[in-house]
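Asks: the sequence isn't on hand, but the structure is:
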């Protein structure tokens, strides 16, 4: 008997030090580029005519880089399949991963005894789709995607966890 279960959830990623470093380096790079263009326009006459256009392009590129750090993850569980998408600045969507529950080895809370064994397995590609990598309610799912091992670290809500538990009760270990 095939069950039709559906649940979805959005998780907003918190900015980490890497995101702030990206923002600072982008701003510094843009300022250096604008200063170089200003010096070039003083030395080469025709560059000055396009200076405003160049600066506008640099500012727009800077805006795109900075807003790309605004990230949400969308989890969509549909009849035994989980799709995880990254939604960048609420305007662009990118598929992070997806897997069928039949390809899943385990789904468990980070307090599960096997968490460190899976985390330290170099054969598994780690996929972080969570607000914070150190979050208390972090869950992990080990599965195969296109023949290679994956380890998804995410923060599913109760509804998504219930869907997993209903479809694969022996593979799902909820928080202790």
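Replies: Thanks, I have the structure now. Bear in mind that the values here come from a model prediction, so they are computed numbers and not experimental data.
Asks: what about the helices in this protein?
Replies: Assigned by DSSP state H, the helices in the chain fall at 17-43, 47-67, 115-119, 158-167.
Asks: among the ones you listed, show me which one is buried the most.
Replies: Mean neighbour count, computed with mean count of other C-beta atoms under 10 Å, is highest for helix 158-167 among the helices of the chain, reaching a mean of 17. Every C-beta, even on glycine, is put in place using the N, C-alpha and C of the backbone.
Asks: just checking, what packs against that one?
Replies: The contact analysis (3 or more C-beta pairs under 8 Å, 6 or more residues apart in numbering; DSSP states H and E) places helix 158-167 against strand 6-12, strand 71-78, strand 172-173.
Asks: who touches that helix?
Replies: 3, 5-9, 75, 77, 80, 82, 101, 107, 139, 156, 171-172, 174 (C-beta atoms under 8 Å, 6 or more residues apart in numbering).
Asks: which among those end up buried?
Replies: Buried members of the contacts of helix 158-167, counted by 16 or more other C-beta atoms under 10 Å: 5, 7, 9, 75, 77, 80, 82, 101, 107, 139, 156, 171-172.
Asks: do I have it right that residue 109 meets residue 139?
Replies: Yes - taking contacts as C-beta atoms under 8 Å, residue 109 lies within contact range of residue 139: 5.6 Å.
Asks: can you give me the end-to-end span of stretch 102-116?
Replies: Stretch 102-116 has its terminal residues 23 Å apart, counting by C-alpha to C-alpha, to the nearest Å.
Asks: do stretch 85-93 as well
Replies: 6 Å.
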